[in-house]
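Asker: Kindly return the folded structure for what I paste below:
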Amino acid sequence: MTPPKIRFDRGVLRVDDVVRLAERRAVPELEAGAEFTAYISRGAEFLDKLLVEDGVVYGVTTGYGDSCTVAVPGPLVPELPRQLYTFHGVGMGALLGHAETRAVLAVRLATLCKGHSGVGYTLLRQLEQFLARDLLPAIPEEGSVGASGDLTPLSYVAAALCGEREVLTASGVEPTAAALAREGLSPIGLRPKEALAIMNGTAVMTALACLAYSRAEYLSRLCARVSAMAVEAMAGNTHHYDERLFAVKPHPGQQRTAERIRVDLGDATPASRNDDRLQDRYSLRCSPHVIGVLEDALPFLHDLIERELNSATDNPIIDGERGRVLHGGHFYGGHIAFAMDALKQLVANLADLLDRQVAQLLDTKFNHGLPANLSGASAPRASINHGLKALGISTSAWAAEALKLTMPASVFSRSTESHNQDKVSMGTIAARDCLRVLTLTEQVAAAALLATAQGMELRVRQSGKPASAALSAMLAQVREDTAFLEEDRRLDGELHALCARIRSRAYALYPAERP
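Answerer: From the prediction side, this is the model:
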């Protein structure tokens with residue numbers, strides 16, 4: 001089946017479009033009509049004209065940043081773009097993954113298609129071909145302060161378009177020149193301003209933010225399902241999720257989460273009550289309140305990310321229509337920094353919530369009649385089996401690490417580049433932190449799925465009463481990757497399988513509330 005095409009033109013690109021391109025569930029298609037190509041060309045032609053008539057354009061006939069007072073002689077102007085991406089080849093750390101790099105290419109292409117950067121159509125076509133053919137610049141994740149944009153990581157994009165450095169392919173990392181030759185593509189030479197247009201923007205942090213948003217939105221729904229499974233396993237009170245109760249505190253996301261848990265529990269009668277235990281502990285009773293904060297924040301964060309995605313984020317802005325060069329600071333990634341700092345705190349709270357639920361499930365003081373550590377071992381071998389004891393320890397470690405990473409990166413602005421960049425966003429660091437928090441929280445969610453599935457089966461064996469249809473169906477999905485734990489066994493492979501299901505959004509949950 002041919003994947004759908006996502007059009008790159010002057011129109012709006014959605015967060016979900018970036019995610020689909022990153023996951024190869026869609027392919028890019030650059031607008032090729034005469035009107036669009038002429039519009040793009042006007043900016044580049046205006047720059048050419050300006051160079052002849054005026055001769056002074058920042059980043060074209062001058063040095064960069066604090067070096068803007070350094071004049072570049074005319075004969076050297078064509079060499080300046082290559083100099084820019086060359087001296088920024090100082091990236092360190094792990095390489096961005098394939099999906100993350102595809103997202104970066106998509107965001108950079110979308111921004112340049114706005115026509116405010118003074119680039120030529122050839123550059124847009126090269127970016128589209130890299131994305132379409134899965135030629136992914138090998139981008140080190142470290143080295144950006146988030147203003148002037150993602151200079152160092154994006155230098156690897158600029159260099160690759162010109163046939164330099166390395167790319168990620170299905171075969172691994174290989175020299176860009178060899179990969180281009182195999183694909184029948186040629187390196188391009190960058191026009192004046194084009195290296196600056198590629199590098200001086202928020203494409204990396206915004207790309208990572210799109211992926212982070214998608215993962216967080218799914219986790220929010222998954223945590224509601226897991227919380228319902230925990231309630232079922234511990235014979236909790238369904239009246240904690242009563243519709244009338246949540247009507248008096250009308251945060252929509254909180255109400256939505258309570259409804260999801262209520263429906264999952266399948267209680268069509270008036271809310272039931274456990275007469276021996278009127279109130280469950282907070283990690284059960286307040287799960288809609290914890291998850292609901294994220295649910296209510298998601299639409300706001302989505303709008304911040306999507307506006308950045310559809311902005312011109314380099315400097316200077318080239319207004320080819322009116323013949324103006326506008327110097328400013330649109331490369332500043334403050335909105336993405338805030339969104340990612342906020343999102344990582346909200347997601348880490350999910351990790352903490354699920355960790356507390358797992359801790360209750362494993363402890364006979366709190367799990368209301370289930371075996372210690374949810375061991376399924378029979379009496380003759382119960383003394384040497386420890387069930388999910390170690391899983392509880394690891395879950396606590398993952399939650400603790402996620403919580404540790406919630407320190408906002410945006411408050412760590414550092415003056416750099418001879419104090420020209422004296423206030424920076426740290427948006428890319430915030431986005432990277434957020435992705436790490438998401439990974440850790442997905443691991444906690446995988447552990448919680450394993451534990452709640454075990455608890456539900458143990459409860460059914462005790463009571464003889466099956467769970468609701470929704471939770472029974474979820475249990476069946478979980479059991480595709482992990483079996484009931486009777487005798488102790490290693491569980492890391494099963495945890496990896498559960499994490500993979502979460503990352504691929506494979507579990508059938510409630511419909512997402514699309515912005």
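Asker: Spatially central residue in the chain, please.
Answerer: The residue lying closest to the centre of the chain (C-alpha atoms, centre = their mean) is Ala212, at 1.7 Å.
Asker: Now for that one: which residues touch it?
Answerer: Counting by C-beta atoms under 8 Å, 6 or more residues apart in numbering, Ala212 touches 340, 343, 431, 434-435, 438. Heads up, the C-betas are built off the backbone N, CA and C, glycines and all.
Asker: what do you get for Ala508?
Answerer: 473, 477.
Asker: Pro3 now?
Answerer: Pro3 neighbours (C-beta under 8 Å, 6+ apart): 24-27.
Asker: Could you list the low-pLDDT ranges of the stretch 201-350 of the chain?
Answerer: Within the stretch 201-350 of the chain, the segments meeting pLDDT under 70 span 267-275.
Asker: Same check on the stretch 401-515 of the chain?
Answerer: Counting by pLDDT under 70, the stretch 401-515 of the chain contains low-confidence residues at 512-515.
Asker: What segments of it are helices?
Answerer: Ranges of helices within the stretch 401-515 of the chain are 427-463, 469-478, 492-503, based on DSSP state H, counting those that start in this stretch.
Asker: what angle separates the longest one from helix 492-503?
Answerer: Counting by axes from the mean of the first three to the mean of the last three C-alpha atoms, to 10 degrees, helix 427-463 lies at 110 degrees to helix 492-503.
Asker: quick revisit: mean neighbour count, the helices of the stretch 401-515 of the chain: which tops it?
Answerer: Burial of the helices of the stretch 401-515 of the chain is given as mean neighbour count (mean count of other C-beta atoms under 10 Å); helix 427-463 ranks first at a mean of 24.
Asker: what angle do that helix and helix 469-478 make?
Answerer: 110 degrees.
Asker: re the thing from before, can you tell me which of the helices of the stretch 401-515 of the chain comes nearest to Gly172?
Answerer: Closest approach to Gly172 among those (C-beta to C-beta): helix 492-503, 21.0 Å.
Asker: helices and strands around the closest one, which ones?
Answerer: Here helix 492-503 is seen to pack against helix 203-233, helix 427-463 when contacts are counted using 3 or more C-beta pairs under 8 Å, 6 or more residues apart in numbering; DSSP states H and E.
Asker: List the buried residues in the next helix or strand after the first one.
Answerer: Translated: helix 203-233. Next along the chain after helix 203-233, taking DSSP states H and E as the criterion, comes helix 243-247. By neighbour count with 16 or more other C-beta atoms under 10 Å, helix 243-247 contains the buried residues Phe246.
Asker: what's in contact with helix 243-247?
Answerer: In contact with helix 243-247 (C-beta under 8 Å, 6+ apart) are residues 239, 254-255, 258-259, 262, 288.
Asker: what's the answer for stretch 480-493, then?
Answerer: The contact list for stretch 480-493, computed with C-beta under 8 Å, 6+ apart, reads 374-378, 381, 384-388, 391, 450, 453-454, 457, 494, 497-498, 501.
Asker: go on, stretch 386-403?
Answerer: Stretch 386-403 has contacts (C-beta under 8 Å, 6+ apart) with 347-348, 351-352, 354-355, 358-359, 361-362, 371-377, 436-437, 440-441, 443-444, 447-448, 450-451, 454, 485, 488, 491.
Asker: likewise stretch 470-477?
Answerer: Contacts for stretch 470-477 (C-beta under 8 Å, 6+ apart): 225, 228-229, 232, 263-266, 453, 456-457, 466-467, 501, 506-508.
Asker: Could you break the chain into its assigned domains?
Answerer: For the chain, the structural domains run 5-201, 209-313+330-503, going by automatic domain parsing.
Asker: Quick check: phi and psi at the residue nearest to Pro187 when sequence neighbours are not counted.
Answerer: Distances taken as C-beta to C-beta, 6 or more residues apart in numbering put Gly163 closest to Pro187, at 2.8 Å, once the chain neighbours are dropped. Gly163 adopts backbone torsions of phi 90, psi 10, taken as degrees, to the nearest 10.
Asker: List the contacts of the residue nearest to Cys499 when sequence neighbours are not counted.
Answerer: Distances taken as C-beta to C-beta, 6+ apart put Ala446 closest to Cys499, at 4.8 Å, once the chain neighbours are dropped. By C-beta under 8 Å, 6+ apart, the contact list for Ala446 reads 495, 498-499, 502.
Asker: Compare the domains of the chain and give me the one nearest Gly323.
Answerer: Comparing the domains of the chain by C-beta to C-beta, domain 5-201 comes nearest, at 6.0 Å.
Asker: gap between that closest one and the chain center?
Answerer: On the basis of C-alpha atoms, centre = their mean, to the nearest Å, domain 5-201 sits 21 Å off its chain's mean C-alpha point.
Asker: by contact count, what packs against whichever strand or helix holds Tyr156?
Answerer: Assigned by DSSP H and E, Tyr156 belongs to helix 151-161. Under the contact criterion of 3+ C-beta pairs under 8 Å, 6+ apart, helix 151-161 touches helix 80-87, helix 98-112, helix 121-132, strand 136-137, strand 140-142, helix 194-199, helix 203-233.
Asker: what's the most buried one of the ones you listed?
Answerer: Stretch with highest mean neighbour count among the helices and strands packed on helix 151-161: helix 194-199 (a mean of 29; mean count of other C-beta under 10 Å).
Asker: before we move on, the earlier item: can you lay out the helices and strands packed on helix 151-161 as TSV showing distance to Ala179?
Answerer: Below are the helices and strands packed on helix 151-161 laid out as TSV (distance: least, C-beta to C-beta, whole Å):
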stretch	distance to Ala179
helix 80-87	18
helix 98-112	13
helix 121-132	10
strand 136-137	10
strand 140-142	18
helix 194-199	19
helix 203-233	21
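Asker: pretty sure Ala94 is in a strand, no?
Answerer: Yes. Under DSSP: H, G, I helix; E, B strand; the rest coil, Ala94 falls within a strand.
Asker: Spatially nearest residue to it, not counting backbone neighbours?
Answerer: Excluding the flanking residues, the one nearest Ala94 by C-beta to C-beta, 6+ apart is Glu141, at 5.7 Å.
Asker: wait, isn't the one you found in contact with Arg432?
Answerer: Yes. Shown here, Glu141 and Arg432 form a contact pair, counting by C-beta atoms under 8 Å, at 6.0 Å.
Asker: OK, contacts around the closest residue to Leu326 other than its chain neighbours?
Answerer: Spatial nearest neighbour of Leu326, excluding adjacent residues (C-beta to C-beta, 6+ apart): Ile317 at 4.3 Å. Applying C-beta under 8 Å, 6+ apart to Ile317 gives the contacts 116-117, 325-328, 330.
Asker: residue contacts, the residue nearest to Pro187?
Answerer: The contact partners of Gly163, by C-beta under 8 Å, 6+ apart, come to 176-177, 180, 186-187.
Asker: So among those, which ones count as buried?
Answerer: Taking 16+ other C-beta under 10 Å as the criterion, what is buried in these is 176-177, 180, 187.
Asker: Do a quick rundown of the helices in the stretch 251-400 of the chain.
Answerer: Applying DSSP H, counting those that start in this stretch to the stretch 251-400 of the chain gives helices spanning 252-265, 282-285, 287-309, 334-362, 389-404.
Asker: Can you point out the buried residues in the shortest one?
Answerer: For helix 282-285, a neighbour-count test (16+ other C-beta under 10 Å) marks 283-285 as buried.
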